[in-house]
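# starting from these lines, generate the structure:
(one chain, ligands or ions: 1)
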Amino acid sequence: MIRLAKPSIPEVAINNVREIFKSGDLVQGKYVKEFETALQKYLNTSNSIIVSSGTAALHLCLMALGIKEGDEVIVPAFTFPATANVIEIVGAVPVLVDISFNDYCLNVSRIISKITDKTKAIIPVHEFGQSADIEPIMQIARKYNLMIIEDAACALGTEYNGKKAGTFGNVGCYSFHPRKAITTGEGGLIVTDDRIIADKVRALRNHGISDTNDFTYAGLNYRMTDFQAAIGLAQMDNIEKAIENRIEMAHSYDKLLENCDYIRTPDILPIRRNIYQTYHILLDEIIDRDKLIVNLRDNGVQTNFGAHALHCLTYFREKYGYEDIDFPISKQAYKNGLALPLGDHLKNEDIKFIVEKLKMI
Ligand SMILES: Cc1ncc(COP(=O)(O)O)c(C=O)c1O
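Predicted structure coming up:
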């Protein structure tokens with residue numbers, strides 16, 4: 001089976017993990033610090049705080065920024081549910097906005113009409129490793145005095161105008177889940193240039209403990225273990241090469257699929273560097289995507305849908321009374337989107353084979 005994704009963990013990481021287990025210092029040791037420093041340098045940001053997952057990162061940011069019951073937060077309708085779930089968890093309301101087909105991210109022209117007196121923040125998602133159109137979103141945030149929490153879960157290494165996605169807003173959140181650019185199994189990261197927010201996030205990830213060993217907040221335990229950090233750190237040396245490799249593979253798919261009029265390949269947009277965390281295609285509406293997933297699996301190719309249309313999920317539909325037609329682009333991206341295998345585990349022949357199977361539909 002050609003797998004959708006397969007993390008490649010360097011041998012040095014496995015050796016370091018062995019050393020950590022022998023030492024007995026399993027939690028928040030030197031590797032967490034070193035991994036934080038390496039990420040801070042890579043992203044060119046002032047503060048980086050590693051946590052136990054991308055979801056934990058988003059949750060801590062909402063807490064640190066004081067988002068609470070009665071507040072509204074604008075999110076794209078097409079994303080992984082964690083983006084909106086954390087808003088629900090702090091008691092605020094996720095306000096959905098449709099996306100654009102050209103980047104699968106927030107449609108900037110739809111944001112302003114959703115802003116009310118209660119709106120406190122926007123969470124732009126850099127979906128599938130493509131950057132959202134972040135500069136105009138920042139302009140809206142400045143004009144309406146809103147905070148920006150970038151969901152860069154899929155976008156470590158993504159760029160907009162030469163600047164790393166996740167470093168534009170008040171805070172940026174990343175995930176180290178196995179399908180991401182770097183993986184620690186489970187894991188996440190928060191970056192911010194705001195020292196006060198950084199200190200608050202650091203305390204909140206560790207039960208609310210202050211530097212003086214007092215408990216100044218009601219915090220959580222969202223720490224990462226040292227052996228996870230060692231696995232992540234070992235992948236940092238190769239991150240740019242791995243991304244360039246993904247970009248090259250994505251362009252091979254683009255070329256091989258260019259004459260398929262029933263498939264839309266990802267748009268290549270000026271000033272944005274897509275790291276292709278997912279190579280996501282959009283199928284013509286006449287194609288039954290779910291049948292195709294089964295058909296490809298029977299031919300030895302693992303594929304999957306890309307992301308969810310939140311308004312079609314039971315929780316959000318029942319709570320807010322959404323109808324399928326409310327966010328048509330998100331609905332179509334969910335229903336007709338397909339993620340193809342991508343990563344170091346693929347050879348050129350695999351990509352040709354996958355495209356051959358796709359062309360047989
Ligand atoms: C856009 C987005 N946000 C948040 C998350 C949550 O990250 P994690 O699985 O590390 O909790 C994901 C996970 O895939 C995601 O795709």
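# what does the stretch 101-250 of the chain put close to the ligand?
Applying Cβ under 6 Å from any ligand atom, we find that the stretch 101-250 of the chain lies next to the ligand at 125, 151, 153, 154, 175, 177, 188. In this view, the C-beta of every residue, glycine as well, is placed from N, C-alpha and C.
# next, give phi and psi for the closest residue to the ligand within the chain.
Nearest residue of the chain to the ligand (Cβ to the nearest ligand atom) works out as residue 54 at 2.6 Å. In terms of degrees, to the nearest 10, the main-chain angles of residue 54 are phi -70, psi -40.
# repeat for residue 184
According to degrees, to the nearest 10, residue 184 has phi -120, psi 20.
# surely it touches residue 233?
No. Counting by Cβ atoms under 8 Å, residue 184 sits too far from residue 233 to count as a contact (9.1 Å).
# quick one: which of these two has more around it?
Taking other Cβ atoms under 10 Å, residue 184 and residue 233 do not tie; residue 184 has more neighbours (29 against 24).
# per-residue confidence for the more buried one?
Here the pLDDT value assigned to residue 184 is 97.
# tell me where this protein has helices.
Secondary structure of the chain (DSSP state H): helices at 11-23, 30-43, 54-64, 82-89, 134-144, 195-205, 226-236, 239-256, 289-298, 314-320, 328-336, 348-359.
# out of these, indicate the one that is most buried.
Highest mean neighbour count of the helices of the chain: helix 54-64, a mean of 26 (counted as mean count of other Cβ atoms under 10 Å).
# send over that one as CSV, restricted to the C-alpha atoms.
Extracted in CSV, the C-alpha atoms of helix 54-64 (Å, rounded to 0.1, in the frame of the first residue of the first chain):
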residue,chain,number,x,y,z
GLY,A,54,-1.7,21.6,18.3
THR,A,55,-5.0,21.6,20.0
ALA,A,56,-3.4,22.4,23.4
ALA,A,57,-1.5,25.3,21.7
LEU,A,58,-4.8,26.8,20.4
HIS,A,59,-6.5,26.3,23.7
LEU,A,60,-3.7,28.0,25.7
CYS,A,61,-3.6,30.9,23.3
LEU,A,62,-7.4,31.6,23.7
MET,A,63,-6.9,31.4,27.5
ALA,A,64,-3.9,33.6,27.5
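# any idea how far it is from the chain center?
Relative to the centre of its chain, helix 54-64 is centred 13 Å away, using Cα atoms, centre = their mean, to the nearest Å.
# what does stretch 124-131 give?
Computed by Cα atoms, centre = their mean, the separation of stretch 124-131 from the middle of its chain amounts to 7 Å.
# returning to that earlier point: and which of the residues of the stretch 101-250 of the chain next to the ligand is nearest to residue 10?
Nearest to residue 10 among these, counting by Cβ to Cβ, is residue 177 at 18.2 Å.
# quick one: pLDDT of that closest one?
As predicted, residue 177 sits at a pLDDT of 97.
# which residues are in contact with the residue nearest to residue 187 when sequence neighbours are not counted?
In space, and not counting its chain neighbours, residue 187 is closest to residue 176: 3.4 Å by Cβ to Cβ, 6 or more residues apart in numbering. Neighbouring residues of residue 176 by Cβ atoms under 8 Å, 6 or more residues apart in numbering: 54, 182, 183, 184, 185, 186, 187, 188, 189, 228, 232.
# between those, which is nearest residue 356?
Closest approach between the contacts of residue 176 and residue 356, by Cβ to Cβ: residue 183, at 29.6 Å.
# neighbours of the nearest residue to that closest one once chain neighbours are set aside, how many?
In this structure, residue 183 finds its nearest non-sequential neighbour in residue 7, 4.6 Å apart by Cβ to Cβ, 6+ apart. Residues near residue 7, counting by other Cβ under 10 Å, number 18.
# residue 7 against residue 184, yeah?
No. Counting by Cβ under 8 Å, residue 184 is not a contact partner of residue 7; they are 9.6 Å apart.
# neighbours around residue 237, how many?
When neighbours are counted by other Cβ under 10 Å, residue 237 registers 12.
# OK, contacts around residue 74?
Residue 74 is in contact with 95, 97, 106, 111, 114, 115, 119, 121, 122, 123, 146, counting by Cβ under 8 Å, 6+ apart.
# could you verify my assumption that the last one touches residue 123?
No. Counting by Cβ under 8 Å, residue 123 is not a contact partner of residue 146; they are 10.5 Å apart.
# how does this protein divide up, domain by domain?
Listed by automatic domain parsing, the domain ranges of the chain are 11-236, 239-359.
# on that earlier part again, phi first, then psi, for the residue nearest to residue 183.
As for residue 7, its main-chain torsions (degrees, to the nearest 10) stand at phi -60, psi 140.
# kindly report the same for residue 177.
With angles defined as degrees, to the nearest 10, residue 177 sits at phi -60, psi 150.
# number of residues surrounding it?
Neighbour tally, residue 177, other Cβ under 10 Å: 21.
# can you pull the pLDDT of the closest residue to residue 127 other than its chain neighbours?
Closest residue in space to residue 127, ignoring its immediate chain neighbours: residue 104 at 4.3 Å, by Cβ to Cβ, 6+ apart. Looking at residue 104, its pLDDT reads 98.
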